[in-house]
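A.B. asks: Sequence first, then the predicted structure:
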Amino acid sequence: MKIAISGKGGVGKSTIMALLARQTRKSGREVLVIDADPSPHMAQTLGVDNMDDITPIADMTKMLTERAGKVEGSPFYNINPKVDDLPAQFMREKDGIKLMVLGAIQTAEGGCACPENTVLKRLLTKLLLTPTQTVLLDMEAGVEHLGRGTIAGVDALLIVVIPAQSSIRTAVKIRKLAKDSGIPRVFFVGNLIETGDDEQFLITGLGEKPLVSFPGSPKIRTAERSGSPVVDADATMNSVADQLLAGLSAAMR
């Protein structure tokens with residue numbers, strides 16, 4: 001399955017994606033995480049080293065073109081890359097979790113990431129998965145990626161939302177664009193939920209209950225500030241990530 005995550009900036013989507021990746025891997029599935037945020041930091045979140053040596057997905061164009069084959073009886077070419085067939089130069093691995101990075105704008109006035117997102121969209125559309133493989137995409141904050149149709153090929157979208165009006169407004173807008181894009185399953189995931197009032201605030205603003213809700217974690221905040229792997233910071237968050245995985249698995253049946 002291919003799962004993307006989005007939300008307003010600062011709501012904790014990368015942390016939740018990393019926790020989901022860890023628990024998905026522990027369940028016995030193969031996991032590929034794609035960091036598609038223009039300011040990527042999933043490597044730090046997962047504790048992956050030497051990410052400066054990785055070739056970004058944006059540089060995959062030549063490889064995809066070279067491996068394209070002609071469809072029998074058709075003038076068109078097609079390519080169906082497999083997760084376990086992607087060159088090692090494009091990924092790093094940590095505790096059985098593979099990580100790929102889309103790439104980032106490196107200079108001032110570097111322009112939009114349109115070419116990079118075109119490569120990602122093509123890869124997601126053609127990527128073949130076995131029943132035991134999962135691809136998790138950490139998207140950029142906001143709604144731009146939906147406007148470009150980058151994640152049109154995913155099976156589900158998680159929208160992380162915290163108990164704040166601005167976060168709820170963005171989440172509702174993302175849900176509308178996702179449904180307009182034809183994404184078959186869209187779920188809200190609460191974060192930084194401390195009280196029943198926080199939960200009810202989200203339910204009222206969203207019009208539905210989040211699939212799961214994560215509490216705030218001082219341990220995770222400390223780890224993030226120190227540059228330590230977030231997934232190792234607070235074991236109590238694993239149970240919520242397990243609930244999220246169970247909810248997703250049930251929805252995919």
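C.D. replies: Thanks, I have the structure now.
A.B. asks: Excluding covalently adjacent residues, which one is nearest to residue 23?
C.D. replies: Nearest residue to residue 23, sequence neighbours excluded (CB to CB, 6 or more residues apart in numbering): residue 241, at 4.3 Å. Placement of C-beta: from N, CA and C, glycine included.
A.B. asks: Listing request: residues of this structure with sub-threshold pLDDT.
C.D. replies: 38-40, 63-81, 103-122, 125-126, 142-152 (pLDDT under 70).
A.B. asks: And the helices in it?
C.D. replies: 13-26, 42-46, 61-67, 114-126, 144-147, 165-180, 196-206, 218-226, 237-252 (DSSP state H).
A.B. asks: and the last one, what other elements does it pack with?
C.D. replies: For helix 237-252, the helices and strands in contact under the criterion 3 or more CB pairs under 8 Å, 6 or more residues apart in numbering; DSSP states H and E are helix 13-26, strand 156-161, strand 186-190, strand 212-213.
A.B. asks: and with 7 Å instead?
C.D. replies: helix 13-26, strand 212-213 (3 or more CB pairs under 7 Å, 6 or more residues apart in numbering; DSSP states H and E).
A.B. asks: For residue 154, find the nearest of the ones you listed.
C.D. replies: Proximity to residue 154, assessed across the helices and strands packed on helix 237-252 by CB to CB, is greatest for helix 13-26 (12.8 Å).
A.B. asks: contacts for that closest one?
C.D. replies: Under the contact criterion CB atoms under 7 Å, 6 or more residues apart in numbering, helix 13-26 has outside partners 5-7, 31, 33, 41-42, 45-46, 95-97, 134, 136, 138, 160, 189, 191, 214, 220, 230-231, 237-238, 241-242, 244-245.
A.B. asks: List buried residues within these.
C.D. replies: For these, a burial check counting by 16 or more other CB atoms under 10 Å picks out 5-7, 31, 33, 41-42, 45-46, 97, 134, 136, 138, 160, 189, 191, 214, 220, 230-231, 237, 241-242, 244-245.
A.B. asks: so how far is residue 222 from residue 16?
C.D. replies: With distances taken as CB to CB, to the nearest Å, residue 16 is found 17 Å from residue 222.
A.B. asks: So for those two, which sits in the more crowded spot?
C.D. replies: Shown here are residue 16 and residue 222; by other CB atoms under 10 Å, residue 16 has more neighbours (26 against 13).
A.B. asks: and the gap between that one and residue 47?
C.D. replies: 16 Å.
A.B. asks: next one: residue 197
C.D. replies: Computed as CB to CB, the residue 197 to residue 47 distance reads 35 Å.
A.B. asks: Pick out whichever of those two has more residues nearby.
C.D. replies: Set side by side, residue 197 and residue 47 show more neighbours around residue 47, with 16 against 10, by other CB under 10 Å.
A.B. asks: Look at the spatially closest residue to that one that is not a sequence neighbour and say how many residues are nearby.
C.D. replies: Leaving aside its sequence neighbours, residue 47 sits nearest to residue 229 (CB to CB, 6+ apart; 3.1 Å). Under the neighbour criterion other CB under 10 Å, residue 229 is assigned a count of 18.
A.B. asks: Lovely, talk soon.
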